[in-house]
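In: need a structure here:
(chains A, B, C and D)
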2 protein chains.
Amino acid sequence: MPKDTFHNLPEEKKEKITNAFLREFAIHPYDKASLSSVVKSLGIAKGSVYQYFDDKLDLFTYLIEECSAVKMKYVGQLKRENFNDFWGYFRSLYSEGVKFDLENPLESHFLHSLADNLNSPSVKGLYDEMLTNIIAGFEQMAKHEVELGLFRDDIPIKTIGFILYKNGRAINEQMEVTGHINPKESIKKGKPVYEGKVDQLMETVDNYIKILQRALDKEST
Amino acid sequence: MPKDTFHNLPEEKKEKITNAFLREFAIHPYDKASLSSVVKSLGIAKGSVYQYFDDKLDLFTYLIEECSAVKMKYVGQLKRENFNDFWGYFRSLYSEGVKFDLENPLESHFLHSLADNLNSPSVKGLYDEMLTNIIAGFEQMAKHEVELGLFRDDIPIKTIGFILYKNGRAINEQMEVTGHINPKESIKKGKPVYEGKVDQLMETVDNYIKILQRALDKEST
DNA sequence: GATTGATGTGACTACCCAGTCATATTATGG
DNA sequence: CCATAATATGACTGGGTAGTCACATCAATC
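Out: From the prediction side, this is the model:
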């Protein structure tokens, strides 16, 4: 948790500091991200950082929580019950996700780059916890659909949930592998990852949905 | 490329050195892996490593090539044409993969851990190149099946290939997330990752195949 | 205006690493 | 048996880092 000193800061300075660190962590994996270099570019003293946060991990944790909260403002309002089927809901998660990206490029970059940190032993615990929650979320969704009789019931729910999670991520990764998006470049330019690429993304999303739908929907025999 | 000095080494010493480094890189991501600590545990001088290899990356590249070659002895012999459908082939990739793991735990560990290195900027180039090849391989497979009229043709081949790749990896990851396997633990104990877990793995493989089959096979209308 | 508590500072510590190189040891073969 | 080439060595260089702490500065309250 950030110390009081940080919260007492004028909003403007707080944001400047937050943004600088978001940028650093978005570009470099946790262990390579250098507080020293950020404070230099910010023109503040190294010691100040430790006036605001307990340590590097505390700072990192704070950034994750901040960004997650912002993203939640977008996708958190979506409710399954407002959609006819799971796939409409699934699709909206992406369209809202893009909106989040376009309006909060830095936060979006940072959250994206989190996946690159899965290995850094220093943040493994933090990352694993996040992951467990997300996967549990997908598992819940799967369970719900199976109970509604909309998803097939011959596959363990754990597997269905995991496949939803993994293929959801695969969409973004495919966009990157095929060169449609280039997150690292976008960060440097300070532009949203999906700027001008929304149509391509949604097209890919629709392809994945076509596939997942046939894979997971209960056969209407 | 390793220098002549390395090749001139007695096979026994060569293997001892190789294994020690495999272990180190399997446990720690590239940038955290410490040559200093390995040479200490090996009881050789730091300078010797640089008698054998150009630098850390050269050593790492050598290890990748060695391990890939060993794994290829297992999965490389499998040919699509010896199977009735793609899924028999796909399944065999796993059963052979497990055989490789059981008979070469260290090499298997190392190759597994490669995925954790995707972020280390120092090896990004190397890793991306590998990935591009693997994905291209899956794309080829997908293309072949579509041409045979066995896979659906309403989805871009790039997407089908990528989904095959991603879901293939998802199988291993799910085994880890659900706690059936614990690679890091296994390394420390020097035991194969899948020891005693082969049945669970193949069960999961079969579930994934059930799903992918319905997702990708041409509908037999 | 003075006293006190909160905030800012940056040189410094303690640590780690890859890679070097002059020197020492060991093998080779003439 | 000696000379030369090949190999082994480890202290050292130069570079990086997170985190600390005694001190300076600023703000607020009495």
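
In: report the buried residues of stretch A:111-123.
Out: Residues of stretch A:111-123 classed as buried: A:111-114, A:116-120, A:122-123 (neighbour count, 16 or more other Cβ atoms under 10 Å in any protein chain shown). For glycine as for every other residue, the C-beta is placed from the backbone atoms N, C-alpha and C.

In: does that stretch reach DNA strand D?
Out: No: using Cβ under 7 Å from any atom of the strand, stretch A:111-123 stays clear of DNA strand D, coming no nearer than 8.7 Å.

In: run the chain-centre distance for the lengthiest helix in chain A.
Out: Under DSSP state H, the helix in chain A containing the largest number of residues is helix A:121-147. Offset of helix A:121-147 from its chain centre (Cα atoms, centre = their mean, to the nearest Å): 13 Å.

In: ok, now stretch A:109-127?
Out: On Cα atoms, centre = their mean, the centre of stretch A:109-127 falls 11 Å from that of its chain.

In: wait, does it contact chain B?
Out: Yes: Stretch A:109-127 reaches chain B (Cβ under 8 Å from any Cβ of the partner chain) through A:116-121.

In: residue A:204 is in contact with residue A:174, isn't it?
Out: Yes: counting by Cβ atoms under 8 Å, residue A:204 does reach residue A:174; the two are 6.3 Å apart.

In: which helices and strands does the helix or strand bottoming out on mean pLDDT in chain A pack with?
Out: Lowest by mean pLDDT, DSSP states H and E among the helices and strands of chain A is helix A:183-189, with a mean of 91. Judged by 3 or more Cβ pairs under 8 Å, 6 or more residues apart in numbering or on different chains; DSSP states H and E, the packing partners of helix A:183-189 are helix A:11-27, helix A:105-113.

In: before we move on, back to that, report the rounded mean pLDDT for the longest helix of chain A.
Out: Average pLDDT, helix A:121-147: 95.

In: name the residues of that helix that are buried.
Out: A:122-123, A:126-127, A:131, A:135, A:138-139, A:141-142, A:145-146.

In: list the contacts of the closest residue to residue A:86 other than its chain neighbours.
Out: Once flanking residues are discounted, residue A:86 sits nearest to residue A:145: 5.2 Å by Cβ to Cβ, 6 or more residues apart in numbering or on different chains. By Cβ atoms under 8 Å, 6 or more residues apart in numbering or on different chains, the contact list for residue A:145 reads A:86, A:151, A:216.

In: if we can go back for a sec, which elements pack onto the helix or strand following the longest helix of chain A?
Out: Heading C-terminal from helix A:121-147, the first helix or strand you meet, by DSSP states H and E, is helix A:157-177. Applying 3+ Cβ pairs under 8 Å, 6+ apart, we find helix A:157-177 packed against helix A:86-103, helix A:121-147, helix A:198-216, helix B:121-147, helix B:157-177, helix B:198-216.

In: hmm, try it at 7 Å
Out: Here helix A:157-177 touches helix A:121-147, helix A:198-216, helix B:157-177, helix B:198-216, going by 3 or more Cβ pairs under 7 Å, 6 or more residues apart in numbering or on different chains; DSSP states H and E.
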